[in-house]
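Trainee: build me a model:
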Amino acid sequence: MGNVLYLECSSGISGDMTVAALLDLGADETVLKRTLSSLPIEGFQAKITRVKKSGLDVCDFDVILDKTHENHDHDMEYLHGENDVHMKEHANPSIRHEHRGLSEIMQILKETEMTEGARKIAAAVFEILAEAEANVHGVEKEHVHFHEVGAVDSIVDITAAAVCIDNLDIEEVIIPDLTEGQGTIRCQHGIIPVPVPAVVQIAQMYGLTLNVTPTQGELVTPTGAAIAAAIRTSEKLPKQFKIKKIGMGAGKRTYDRPGILRAMLLERQEMTAEQDEILKLETNIDDCTGEALGYVMERLFAEGARDVSYMPLYMKKNRPAYQLNVICAEEDVRKMERIIFENTTTIGIRRIKMERTILQREIRSISTPYGEANVKICQKESGQMIYPEYESTAQLSRKSGKPYPEIYQMIAEQAKKEQERQG
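Mentor: Here you go, the predicted structure:
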């Protein structure tokens with residue numbers, strides 16, 4: 001089993017923050033340095049150090065660019081200052097911007113010494129980033145040739161993140177949301193809004209949840225969002241887990257947040273019971289026929305209701321009536337209500353959101369002397385409980401001519417024997 005990774009993005013996410021957090025989590029620094037030294041690009045040096053952020057000891061991954069590749073990505077005066085947008089270019093006319101396309105970057109990955117797993121992750125991140133930038137700029141993905149995709153530091157960050165993820169044997173990545181700021185930020189193309197257009201595109205395309213805060217600044221970079229979109233498998237933490245290891249990666253920009261990406265390796269805990277939420281729909285009906293109510297029950301079950309029941313009661317003016325109760329998942333509420341409104345005389349339905357505790361269970365098919373039967377196996381703290389399913393029991397009872405209780409007992413005993421044989 002691979003590791004379960006949880007990324008806590010309360011200060012946003014960027015490429016360098018991701019790499020630093022994964023290194024702090026235990027990714028092999030030697031493997032990373034060997035891979036980066038094989039990248040067929042120039043103009044950078046990767047530096048791994050420890051720094052203090054909000055008094056905490058965290059890992060820092062810094063891609064140091066030479067003067068001809070500098071892009072001021074961590075220069076707060078350039079990003080948020082009031083001076084002219086071209087001030088840095090005027091101050092240093094030797095600066096050049098890389099304009100690589102997606103095919104060139106894929107060739108770079110092909111020539112780099114890395115595992116196929118890492119190469120696949122890096123390629124996925126670049127594909128997401130290029131697709132987002134293509135949508136933003138109104139061009140085909142294959143024709144994207146601009147600074148954001150091909151910058152040296154972006155290539156290094158994404159390659160490094162892919163190598164670290166692969167090296168840690170990550171099988172599942174949980175990212176509930178990405179905390180983002182607001183306002184504006186300066187880039188090569190001019191001043192743009194935060195969240196920046198590429199981040200918004202990635203969030204929309206891959207269903208990432210953005211938690212926009214009052215912080216004036218960019219907390220989620222396009223590279224960070226693309227990495228999150230490529231590796232995320234879930235946005236929901238397990239109900240119970242143990243933390244095996246913690247890693248913290250430092251960001252470079254200074255905002256009103258600590259600038260730390262926290263990564264945790266989790267170990268899921270086996271549970272005999274789980275908690276979730278369910279919806280109960282109820283309505284009182286005093287002028288509907290028994291035939292119609294029976295039909296409604298059939299329809300509700302056919303459309304996915306977890307349970308349907310009628311309870312006799314007396315309403316105003318001592319009218320005998322029934323209360324219809326439907327248990328269903330939240331996503332099925334509108335479907336259930338439509339069935340009730342269209343097929344009964346009710347004009348109002350009450351909704352009640354309820355928490356419930358459910359035992360872990362599975363449906364298993366077993367062989368019996370009279371044919372196949374389905375049983376429900378539930379896990380309790382005291383052990384397993386086996387319940388033959390009604391339809392299977394009734395079918396075998398009719399087929400064999402044996403009484404229902406006898407067939408029920410036979411199926412339960414057969415299932416228990418099969419469980420014992422399987423250990």
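Trainee: let me see the ranges of the helices in the stretch 51-200 of the chain.
Mentor: 76-80, 87-91, 102-111, 116-137, 147-150, 152-167, 197-206 (DSSP state H, counting those that start in this stretch).
Trainee: of the ones you listed, which stretch is the most buried?
Mentor: Scoring the helices of the stretch 51-200 of the chain by mean neighbour count under mean count of other Cβ atoms under 10 Å gives helix 152-167 as the most buried, with a mean of 26. For the C-beta atoms, the positions are set from N, CA and C on the backbone; glycine is no exception.
Trainee: where are the low-confidence patches of this structure?
Mentor: By pLDDT under 70, the low-scoring segments of the chain are 1, 68-99, 145-150, 189, 270-274, 423.
Trainee: which one in it is furthest away from the centre?
Mentor: residue 317 (53.4 Å; Cα atoms, centre = their mean).
Trainee: quick one: it is in a helix?
Mentor: Yes: residue state for residue 317 (DSSP: H, G, I helix; E, B strand; the rest coil) corresponds to a helix.
Trainee: just so I know, which of the helices of the stretch 51-200 of the chain lies nearest residue 263?
Mentor: helix 152-167 (9.7 Å; Cβ to Cβ).
Trainee: how far off helix 116-137 does the closest one point, in degrees?
Mentor: Relative orientation of helix 152-167 and helix 116-137, computed by axes from the mean of the first three to the mean of the last three Cα atoms, to 10 degrees: 140 degrees.
Trainee: which elements pack onto helix 152-167?
Mentor: Applying 3 or more Cβ pairs under 8 Å, 6 or more residues apart in numbering; DSSP states H and E, we find helix 152-167 packed against helix 15-25, helix 29-37, strand 44-53, strand 56-65, helix 102-111, helix 116-137, helix 222-231.
Trainee: okay, angle between that helix and strand 44-53 too, please.
Mentor: 70 degrees.
Trainee: need the helices of the stretch 51-200 of the chain in CSV (columns: distance to residue 361).
Mentor: Below are the helices of the stretch 51-200 of the chain laid out as CSV (distance: least, Cβ to Cβ, whole Å):
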stretch, distance to residue 361
helix 76-80, 54
helix 87-91, 62
helix 102-111, 45
helix 116-137, 35
helix 147-150, 48
helix 152-167, 34
helix 197-206, 33
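Trainee: flag every buried residue along stretch 379-387.
Mentor: Using 16 or more other Cβ atoms under 10 Å as the test for burial, stretch 379-387 gives 379, 386-387.
Trainee: one more: stretch 366-375?
Mentor: Here stretch 366-375 shows 366, 368, 370, 373-375 as buried, counting by 16+ other Cβ under 10 Å.
Trainee: kindly report the same for stretch 309-329.
Mentor: So for stretch 309-329, counting by 16+ other Cβ under 10 Å, buried means 310, 321-322, 324-328.
Trainee: quickly check these for the two that are furthest apart.
Mentor: 321 and 328 (21.9 Å).
Trainee: measure how buried residue 185 is and give me the count.
Mentor: Neighbours of residue 185 under the rule other Cβ atoms under 10 Å: 19.
Trainee: bridging residues for it?
Mentor: In this entry, residue 185 is beta-bridged to residue 192, by DSSP bridges.
Trainee: got it, and residue 285?
Mentor: With DSSP bridges as the rule, residue 285 is bridged to residue 322.
Trainee: that one contacts residue 319, correct?
Mentor: No: in this structure residue 285 lies outside contact range of residue 319 using Cβ atoms under 8 Å: 10.3 Å.
Trainee: and the gap between residue 132 and residue 251?
Mentor: 21 Å (Cβ to Cβ, to the nearest Å).
Trainee: what do you get for residue 42?
Mentor: 26 Å.
Trainee: show me which of those two is the more surrounded one.
Mentor: residue 251 (25 against 9).
Trainee: in this structure that one contacts residue 14, no?
Mentor: Yes: counting by Cβ under 8 Å, residue 251 does reach residue 14; the two are 6.1 Å apart.
Trainee: give me the common contacts of those two.
Mentor: residue 261 (Cβ atoms under 8 Å, 6 or more residues apart in numbering).
Trainee: how about the nearest residue to residue 300, chain neighbours excluded?
Mentor: Leaving aside its chain neighbours, residue 300 sits nearest to residue 308 (4.8 Å; criterion: Cβ to Cβ, 6 or more residues apart in numbering).
Trainee: was I right about the one you found contacting residue 299?
Mentor: No: at 9.3 Å, residue 308 does not count as touching residue 299 under the criterion of Cβ under 8 Å.
Trainee: who has more neighbours, the two?
Mentor: Using other Cβ under 10 Å, the more surrounded residue of residue 308 and residue 299 is residue 308, with 19 against 16.
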